[in-house]
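Student: what's the 3D shape of this:
(chains A and B)
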2 protein chains.
Amino acid sequence: MLLLRAIAGRRLPPLPLPRRGCSRFPPGSPVAGRPRGAAPVLAALLGLGAVLAYGERRRRGAQAAQATPVPQYPLYTREEVGRHRSPQDRVWVTHGTEVFDVTDFVELHPGGADKLLLAAGGALEPFWALYAVHNQPHVLELLREYKVGELSPEEAALAPDAAQDPFAGDPPRHPGLRVNSQKPFNAEPPAELLAERFLTPNELFFTRNHLPVPAVDPGSYQLRVEGPGGRALSLSLTELRSRFPKHEVTATLQCAGNRRAEMSRVRPVKGLAWDIGAISTARWGGVRLRDVLLHAGFEEEREGEWHVCFEGLDTDAGGAPYGASIPYSRAVSPAADVLLAYEMNGEELPRDHGFPLRVVVPGVVGARSVKWLQRVAVSPAESPSHWQRNDYKGFSPCVDWDTVDYSTAPAIQELPVQSAITHPRPGEAVPAGELTVKGYAWSGGGREVVRVDVSLDGGRTWCVARLAGERSVPGRAWAWALWELQAPVAAGAELEIVCKAVDGSYNVQPDTVAPIWNLRGVLSNAWHRVRVTVSR
Amino acid sequence: MLLLRAIAGRRLPPLPLPRRGCSRFPPGSPVAGRPRGAAPVLAALLGLGAVLAYGERRRRGAQAAQATPVPQYPLYTREEVGRHRSPQDRVWVTHGTEVFDVTDFVELHPGGADKLLLAAGGALEPFWALYAVHNQPHVLELLREYKVGELSPEEAALAPDAAQDPFAGDPPRHPGLRVNSQKPFNAEPPAELLAERFLTPNELFFTRNHLPVPAVDPGSYQLRVEGPGGRALSLSLTELRSRFPKHEVTATLQCAGNRRAEMSRVRPVKGLAWDIGAISTARWGGVRLRDVLLHAGFEEEREGEWHVCFEGLDTDAGGAPYGASIPYSRAVSPAADVLLAYEMNGEELPRDHGFPLRVVVPGVVGARSVKWLQRVAVSPAESPSHWQRNDYKGFSPCVDWDTVDYSTAPAIQELPVQSAITHPRPGEAVPAGELTVKGYAWSGGGREVVRVDVSLDGGRTWCVARLAGERSVPGRAWAWALWELQAPVAAGAELEIVCKAVDGSYNVQPDTVAPIWNLRGVLSNAWHRVRVTVSR
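Tutor: Numbering: from 1, shown residues only, chains lettered A, B, ... in the order given. So this is what the prediction gives:
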């Protein structure tokens, strides 16, 4: 933790990049030294349709390549490329030492014309670095259809280097994490360690970043609070700590995509291939969001539907922050325990987990617990963020990328009941004799886990596991239950170990994955199944 | 409804039965003319063990009958029988014109010695009338082992008649109801009518009575409110209506045993064989429980776990009322909409539904919405009622009547997500062309139904049904959603129609029944499956 702490407040050296796009950071912003305009999200809105479009273009590109001999190209300087930044002036970009006129592709860009235009007149690499979907050979093939020139040799020497990587300022991570994506960083603790401790160590807590980690100066940090019905506030960390009582909550956070890998095995889905570890538990310390809102003059009850929107300091190329919202009623409810947290397991928040301040919404999908919080806004509408409106929603198995209409499904808030086996691991050979099966179980909305059933024969017969941990307040069971079952197993047996949990509303997990399959691979909470053999 | 209303306040004629047991009704009680001590629950606590015990005794009885010629018995008067009311004096009972000395059976009685002793010195019929488990030939065979005499011929003429039937005062019912048990009365609307109207007509609303329907005089009715932290109140109907604002809520009530028949097909369970109709929806009018509690001086928030206990005017032989409780936090929450209702769909509460006052706890199992409410008590413990402590709880499929420990499971409060197909019916032959599938969906805790998936091929492929009805306030969706799906079907096809619902917390129904099987047959919410053929 010492290393992380030393880095937490550090300013990155300023970069000599030209600034493009509309930065939302005013002078003196606590986001210091981030290459503005060089950390965009080229593919933030990229759906599966994009892959299909690329495939189609790729076939055409391959045909073109077969028909045409390799041409000689004119040379250009970066300054000349930089003059082509709109369809009127033509849209040019560079990749490596090559120059492309992508004007005719702008409207075809699956991620949206506006996203591609962010790169106009400059290098593609900083944009592509953000999303792995571009790091495929056929994308480059497609691009080559639009080649119009080469950078002059002296310009080529100035090709983008590591310093332009928007993720270069990300903090170091624990080598034990199982990494699903480096940029942005997404990683989970190894299943073997997951249920060993009730509180997940900070270094192993699953990390779900959507963008580069902002480097925040805690001294100049200000949280803005605003919206109709209250007075606008700007609060420093010192003010937050001194003006409001400290409140602590032990809460489990789970990513909507936890256990997505199992769903992908039914049919491919779009998203990171999380195993069972996109869930962790910490003791969070901070101030109640309720206290801050009441301090700002907002009332405890409001007529009609209101929302509390959060914005992070992590932003895309256009300066648009990560954002999400929760219903107003949850934000102000004393029983909902929504925190603005500055501590995690008794330590300062690590940078990967939102330093210096994050939201923690117990019982709700992790996506609403916005990190690096810069703004809290009371609003009559949900957050306009992509992640609130066009992601993190559940659909029927019959909905695909051609038919999906995000407006028809509610944003995921409370998550359904969940459980998984952390020991043994799939494919393991376990010794004959007494087998110990271990795992976790949790449910959203504060619904306590009341029972975990475990089967060793694929679900034909069941035993009741022993639940560990202290009893929580009914309706405010924010933390997972760890569970254990001992059972004798005979040498040579093939076991299909299955677990399923029941929550305080007697909700249960579905038997199988296929009927809950959805195109984004979220809400994967079917019975967890682990096949093992018993050694002879 | 006119007939029901005319009966609602009627006093039954007083009966000439001797009074036994400890009546909890003081003089002037609003329960008038009920045969006190003649409406007991012989088998209220009767478990499956009882059936097994009877089976064993039956075999022994049959052997005895084969070995012994029919004896001649001495004659007794009812007065003589009435002197044998304790083990010291011997315990005698009558059935028809026969007299039995059951002293040696008292401790063997599966329902408990105390329950059998309630009948000591008198006739068994009024007790047996309450629970159908006694209406089986082997029970009478068992009894005959203990025969010691006959009633004298003039006494036999005084054998129990219809007026002694504790259910004789029950109201008339709609002939359209599908009756699962006459005494106590339990009936559901026919599935075909269930989803035809968003509000279920009062006459067809499912009825779940545990005991005879009390006849209550609305003029002398008083509701008692008491408990530590508030002042004791006694409120007449007029006071309730005039002192508190009227509040209306549209809420669905569902019995914990809804769809039990499907669970019984996996393995037999104990309980009434409800089809899919132990669920109905009404517009309830009354006063908020919250308002009454605050009026009595109880505070909005209490430290620790508190409960609000309800008692009905429907009582067993010992005078113990039907009872249940809900958490205090729900009782006082303005968002939970808990009512003391005196109206149902704009009419006075029907007698079968709790005239003159009942609790309505939206989003919670019907068992907590106590009818014929006589007492509201704030308490640090849950209701001591059998139905709170030793019934209406869920268990693992591995728990049977030998291993069940009711203290290990929480009392059912919020119910899990549920749905069923009301049209077509199982085994129906539907015409080729456009098939309309209809049904209902609902979830507990105010979680709105966000989607219903329907399959015509047993769950391999799915369509999304159209939801009907107005949108509810998120988190306060107390009423069901009706849904419909049109699909073309080909002549000669065999269809397995399946439905499954998703609620606002993205909880789903389990695929199959066996893994949620439990010995009491509650919480039966697996996918609903209906097989039909398409006519040629």
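
Student: from here on, contacts and neighbour counts on C-alpha atoms
Tutor: Will do.

Student: tell me which element the residue nearest to A:His353 when sequence neighbours are not counted falls in.
Tutor: Spatial nearest neighbour of A:His353, chain neighbours left out: A:Lys371 (6.3 Å); criterion: Cα to Cα, 6 or more residues apart in numbering or on different chains. Counting by DSSP states H and E, no helix or strand carries A:Lys371.

Student: check A:Val378 too.
Tutor: Going by DSSP H and E, A:Val378 is part of strand A:373-379.

Student: re the thing from before, the residue nearest to A:His353: neighbour count?
Tutor: Using other Cα atoms under 10 Å in any protein chain shown, A:Lys371 has 31 other residues around it.

Student: now swap in A:Gly444 and tell me
Tutor: Neighbours of A:Gly444 using other Cα under 10 Å come to 30.

Student: and A:Gln72, what's its pLDDT?
Tutor: pLDDT for A:Gln72: 84.

Student: er, A:Ser236 actually
Tutor: For A:Ser236, the model assigns a pLDDT of 98.

Student: show me the contacts for it.
Tutor: Taking Cα atoms under 8 Å, 6 or more residues apart in numbering or on different chains as the contact definition, A:Ser236 lies against A:219-223.

Student: quick revisit: does the residue nearest to A:His353 really touch A:Arg351, like I thought?
Tutor: No. Assessed by Cα atoms under 8 Å, A:Lys371 is found out of contact with A:Arg351, at 9.2 Å.

Student: correct me, but A:Glu188 touches A:Phe206?
Tutor: Yes. The criterion here is Cα under 8 Å, and A:Glu188 meets it with A:Phe206 at 4.3 Å.

Student: low-confidence bits of chain A, can you list those?
Tutor: A:1-71, A:126-127, A:129-132, A:156-163, A:470 (pLDDT under 70).

Student: which residues of it lie near chain B?
Tutor: A:394, A:396-398, A:409-410, A:412-417, A:444-445, A:450, A:453, A:459-464, A:504-512, A:515, A:523 (Cα under 8 Å from any Cα of the partner chain).

Student: for ChimeraX, write the select line for the buried members of those residues.
Tutor: Per 16 or more other Cα atoms under 10 Å in any protein chain shown, the buried members of the residues of chain A next to chain B correspond to this ChimeraX selection:
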select /A:394,396,397,398,409,410,412,413,414,415,416,417,444,445,450,453,459,462,463,464,504,505,506,507,508,509,510,511,512,515,523
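
Student: just checking: what are the partner strands of the helix or strand where A:Glu150 lies?
Tutor: Using DSSP H and E, the element containing A:Glu150 is strand A:147-151. In the sheet, strand A:147-151 lines up against strand A:75-76 (parallel), strand A:98-101 (antiparallel) (DSSP bridges).

Student: any buried residues in stretch A:88-98, and which?
Tutor: By 16+ other Cα under 10 Å, the buried positions in stretch A:88-98 come out as A:90-95, A:97-98.

Student: whoops, stretch A:279-296 was the one
Tutor: A:279-293, A:296.

Student: ok, stretch A:184-192 next?
Tutor: A:184-191.

Student: from B:Val417, how far out is the residue in the stretch 151-300 of chain A that chain B sits nearest to?
Tutor: Chain B sits closest to A:Ala256 of the stretch 151-300 of chain A, with a gap of 10.9 Å, by Cα to the nearest Cα. In this view, A:Ala256 and B:Val417 are 20 Å apart by Cα to Cα, to the nearest Å.

Student: so what's A:Trp483 closest to, chain neighbours aside?
Tutor: A:Leu467 (4.5 Å).

Student: before we move on, back to that, restricted to helices, list the buried residues of stretch A:279-296.
Tutor: A:289-293 (DSSP state H).

Student: ok now stretch A:476-496, how far from the chain's centre?
Tutor: Mean-position distance between stretch A:476-496 and its chain equals 29 Å (Cα atoms, centre = their mean, to the nearest Å).

Student: okay, how far is it across it, tip to tip?
Tutor: OK, stretch A:476-496 end separation, Cα to Cα: 33 Å.

Student: try stretch A:212-227
Tutor: Note: stretch A:212-227 ends 28 Å apart using Cα to Cα.

Student: hmm, A:Trp372 is touching A:Leu357, no?
Tutor: Yes. A:Trp372 is in contact with A:Leu357 according to Cα under 8 Å; the separation is 5.5 Å.

Student: and A:Ser242, how many neighbours?
Tutor: With other Cα under 10 Å as criterion, A:Ser242 counts 11.

Student: same question, A:Asn525
Tutor: Count around A:Asn525 with other Cα under 10 Å applied: 30.

Student: who's in contact with it?
Tutor: With Cα under 8 Å, 6+ apart, A:Asn525 has these contacts: A:259, A:416-419, A:509-510, A:513.

Student: also A:Leu143?
Tutor: A:100, A:102.

Student: what strand or helix carries it?
Tutor: helix A:137-144.

Student: domain assignment for chain A?
Tutor: A:48-162, A:178-408, A:418-534 (automatic domain parsing).

Student: what residue in the stretch 401-536 of chain A comes nearest to chain B?
Tutor: Closest point on the stretch 401-536 of chain A to chain B, by Cα to the nearest Cα, is A:Pro510, at 4.2 Å.

Student: next, the contact list for that residue, please.
Tutor: Contacts of A:Pro510 by Cα under 8 Å, 6+ apart are A:525-527, B:508-511.

Student: ok, now with 7 Å
Tutor: Applying Cα atoms under 7 Å, 6 or more residues apart in numbering or on different chains to A:Pro510 gives the contacts A:526-527, B:508-511.

Student: for B:Arg368, see how far away the residue nearest to A:His174 when sequence neighbours are not counted is.
Tutor: Leaving aside its chain neighbours, A:His174 sits nearest to A:Glu203 (5.8 Å; criterion: Cα to Cα, 6+ apart). According to Cα to Cα, A:Glu203 and B:Arg368 sit 46 Å apart.

Student: A:Ser505 too?
Tutor: 14 Å.

Student: try A:Arg231
Tutor: 44 Å.

Student: same thing with A:Val404?
Tutor: In terms of Cα to Cα, A:Val404 sits 41 Å off from B:Arg368.

Student: neighbour count winner among these two?
Tutor: Set A:Val404 next to B:Arg368 and count neighbours by other Cα under 10 Å: B:Arg368 wins out with 24 against 14.

Student: sec struct for the residue nearest to that one when sequence neighbours are not counted, please.
Tutor: Nearest non-adjacent residue to B:Arg368, counting by Cα to Cα, 6+ apart: B:Ala324, 5.3 Å away. With DSSP: H, G, I helix; E, B strand; the rest coil as the basis, B:Ala324 sits in strand.

Student: from B:Ala411, how far out is B:Ala324?
Tutor: Taking Cα to Cα, one finds B:Ala324 at 10 Å from B:Ala411.
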